[in-house]
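In: Sequence below, structure please.
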Amino acid sequence: MERTLEDVRYEVENGLAWITIDRPEKMNAFRGQTIDELIHCFKLAWGDSAVGVVVLTGAGDRAFCVGGDQKQRQATGDYGPTEYNVFQDEYLQRLIRDIPKPVIAAVNGFAIGGGHVLHVVCDITIAAEHAQFGQAGPRVGSFDAGFGTAYLARVIGGKRAREVWMLCRRYSAQTMYEWGLVNAVVPGDQLHAEVRRWADEILALSPTALKVVKHSFNADTESIAGISAMAFDTLGVFVGTDEAKEGVDAFVRKEKPDFTNWR
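Out: Numbers count the residues shown, from 1 in each chain. Okay, the predicted model is just below:
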């Protein structure tokens, strides 16, 4: 299906589909339209028999994705207009898990907040040495209490996952490699070539076997989907509160938020 893409690039090269968030001036932060376009591209890759592996990355070398566009959120109270008047972040996470093809996150810089969750739900993560990881929700009056929390704990352990969310620190690619959240760390100028090597190894394998293996891995954590739906419904209510507005307003002002009144 032909569609004009503004926020995302989609390219297929020898069995490998590159899906690139193309908002480098915004550190590849997503708005509602970005999510719509990402969903479209993942569905294209799903239905294309010429595609055996999908890669998600960000444009430039500064950021993979820093989550939702907080300036957009401050301006309009949401992440801007969408195709169906629904912000489909949760659906995108499910789609990355459900697509019956391996998905590699090529983390080329900051993977923060919602951008961090996107790499978490990918099957494999390959990171540039300069990449940094972390959550920001509690700092900006938001959260992702589904795959971003419960599934993260399955991967790196409960204590570390709680640290990631309850302190909102930044972590190096090497630290995340040691914690088991990253599969490989390479110099930034070798990231694309390393992804290509991993993809070529995968493309030599049985696609049906890989599909069943992926669904088998997912089955153990499918219950998190229900938690995620509930959490996103709650988030929809929370972002309209004064507490949440304090977080996003302080972020845009580049100041520390003061949540004392809601303690």
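
In: which stretches of the chain form strands?
Out: Counting by DSSP state E, residue ranges of the strands within the chain are 8-13, 16-21, 53-58, 63-65, 103-107, 110-112, 124-128, 132-134, 171-172, 184-186.

In: most packed of those?
Out: Taking mean count of other CB atoms under 10 Å as the contact definition, the stretch among those with the greatest mean neighbour count is strand 63-65, which reaches a mean of 28. C-betas here are computed from N, CA, C, even on glycine.

In: Give me the contact list for that one.
Out: Under the criterion CB atoms under 8 Å, 6 or more residues apart in numbering, residues 21, 24, 27-30, 57-58, 105-112, 114-115, 118-119, 131 lie in contact with strand 63-65.

In: can you rerun that using 7 Å?
Out: With contacts defined as CB atoms under 7 Å, 6 or more residues apart in numbering, strand 63-65 is touched by 21, 27-30, 57-58, 107-111, 115, 118-119, 131.

In: so what strands line up beside it?
Out: On the basis of DSSP bridges, the sheet neighbours of strand 63-65 come out as strand 110-112 (parallel).

In: what's the strand it pairs with in contact with?
Out: Under the contact criterion CB under 7 Å, 6+ apart, strand 110-112 has outside partners 27, 62-67, 119, 131-134, 136.

In: Report the rounded mean pLDDT for it.
Out: In this model, strand 110-112 has an average pLDDT of 98.

In: Over to stretch 49-65?
Out: Stretch 49-65 comes out at a mean pLDDT of 98.

In: What helices and strands are in contact with the helix or strand bottoming out on mean pLDDT in the chain?
Out: Across the helices and strands of the chain, the lowest-confidence element by mean pLDDT, DSSP states H and E is helix 70-76, at a mean of 78. Using 3 or more CB pairs under 7 Å, 6 or more residues apart in numbering; DSSP states H and E, the elements in contact with helix 70-76 are helix 242-253.

In: Tell me which residues are up against the helix it packs on.
Out: The set of residues that contact helix 242-253 without belonging to it, under CB under 7 Å, 6+ apart, is 70-71, 73-74, 139-142, 238, 256-259, 262.
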